[in-house]
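K.L.:
Sequence plus predicted model, see below.
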Amino acid sequence: MVDLEKTLYDLCSAIVDNEQALSVKTMASSSDNEILLYVYADGEDVARLIGRKGSMASSLRQMMSIAARNEHKRVSVKFEAY
């Protein structure tokens, strides 16, 4: 079983400036087949994670989708700034 929180954290920590301000949380979903992951970081780091025209966010979501395939689940990744 893959720890999706840790996988996403490891992917994002290499991109952000302040790794201590980065947080990844799993939230409850209305569906058993869906996993909601939220990435919390400060404004500049969230902008860096989303990337120009959402290219970085799209790539992170695609990698997480591949990581969740073994569990036959769908993953949604959301980015939040604080």
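P.N.:
Structure received.

K.L.:
Check which helix or strand A47 maps to.
P.N.:
Using DSSP states H and E, A47 sits within helix 43-50.

K.L.:
try Y40
P.N.:
Going by DSSP H and E, Y40 is part of strand 34-41.

K.L.:
can you give me the offset of that strand from its chain's centre?
P.N.:
A distance of 5 Å separates the centroid of the chain from that of strand 34-41, by C-alpha atoms, centre = their mean, to the nearest Å.

K.L.:
Repeat that for stretch 33-48.
P.N.:
Distance of stretch 33-48 from the chain centroid (C-alpha atoms, centre = their mean) equals 5 Å.

K.L.:
Go through it and flag the buried ones.
P.N.:
I35, L36, L37, Y38, V39, Y40, A41, D45, V46 (16 or more other C-beta atoms under 10 Å). Every C-beta, even on glycine, is put in place using the N, C-alpha and C of the backbone.

K.L.:
So which of those residues is the closest to A14?
P.N.:
Nearest to A14 among the buried residues of stretch 33-48: D45, at 11.7 Å, using C-beta to C-beta.

K.L.:
Regarding the residue lying closest to the closest one once chain neighbours are set aside, what is its secondary structure?
P.N.:
The shortest distance from D45 to any non-neighbouring residue, by C-beta to C-beta, 6 or more residues apart in numbering, is to V16 (4.0 Å). With DSSP: H, G, I helix; E, B strand; the rest coil as the basis, V16 sits in coil.
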